[in-house]
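Novice: quick one, fold the following:
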Amino acid sequence: MANPAFTKGSIVEVSSDEPGFHGAWYVATLVNQLNPLKASNTKTKNPKQFGYLIQYDTLLKDDSLVEHLTEIVEPSFVRPLPPCNLGRDNGDFELYDVVDAYHREGWWIGVVKKVIVEGEMRKYTVLFENPPEEVEFERAQLRLHVDWIDRCWQVPQKKVYFGFNC
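Specialist: Modelled structure (predicted):
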């Protein structure tokens, strides 16, 4: 179902079910609303469904170093930008928090595996499932993960997952 709050020019986040991109959210601008979907570069299983033409802020076309990738996506892959004010009063993350880390041009879902304290500065080792890897991040590169469910933001419970002992 389309989100009526999205209008031409809205800044949104877009996900994908393509292999290698599951769990990532990319910032994009809604260029147009389409009904029904007619284009051949559509991520849809139902060609008569409503969709959005979006242009990514950080992803570029394969054959271009300057032209932003534009594609048609199903409404289920689009959500509003998450609120900025979620999290703890001190702004720090804790072990096993589910976070989004700005990595590879988008926000990827992971779990805080380790908190590294260096004086007053903290860094965080984040464990990703897909693809499996661990990466160290500074606070500014992380945000608390939230899910957009039934048009409401929901914060997931802390997790130890992926089958690793964190």
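Novice: going by C-alpha atoms from here, please, whenever you check contacts or count neighbours.
Specialist: OK.
Novice: from residue 58, how far out is the most centrally placed residue in the chain?
Specialist: Geometric centre of the chain, nearest residue: residue 25, 1.9 Å, by CA atoms, centre = their mean. The gap separating residue 25 from residue 58 is 11 Å, by CA to CA, to the nearest Å.
Novice: ok, then the element right after the helix or strand bottoming out on mean pLDDT in the chain?
Specialist: When each helix and strand of the chain is scored by mean pLDDT, DSSP states H and E, strand 42-43 comes last, with a mean of 54. Per DSSP states H and E, the first helix or strand lying C-terminal to strand 42-43 is strand 51-60.
Novice: can you list the buried residues in that next one?
Specialist: 51, 52, 53, 54, 55, 56, 57, 59 (16 or more other CA atoms under 10 Å).
Novice: so where's this protein uncertain?
Specialist: For the chain, applying pLDDT under 70 flags the ranges 1-5, 36-49, 86-90, 160-166.
Novice: can we see that at 80?
Specialist: 1-5, 35-50, 63-64, 85-91, 130-131, 159-166 (pLDDT under 80).
Novice: need the longest strand for the chain.
Specialist: For the chain, the longest strand by residue count, based on DSSP state E, is strand 106-118.
Novice: burial count for the nearest residue to residue 138 once chain neighbours are set aside?
Specialist: Once flanking residues are discounted, residue 138 sits nearest to residue 123: 4.8 Å by CA to CA, 6 or more residues apart in numbering. Look at residue 123: counted by other CA atoms under 10 Å, it has 18 neighbours.
Novice: pretty sure residue 123 is in a strand, no?
Specialist: Yes. Assessed by DSSP: H, G, I helix; E, B strand; the rest coil, residue 123 belongs to a strand.
Novice: quick one, helices of the protein?
Specialist: Taking DSSP state H, the chain contains no helices at all.
Novice: all strands of it, in order?
Specialist: 11-14, 24-34, 42-43, 51-60, 68-73, 78-80, 98-103, 106-118, 121-128, 133-138, 142-144, 147-149, 152-154.
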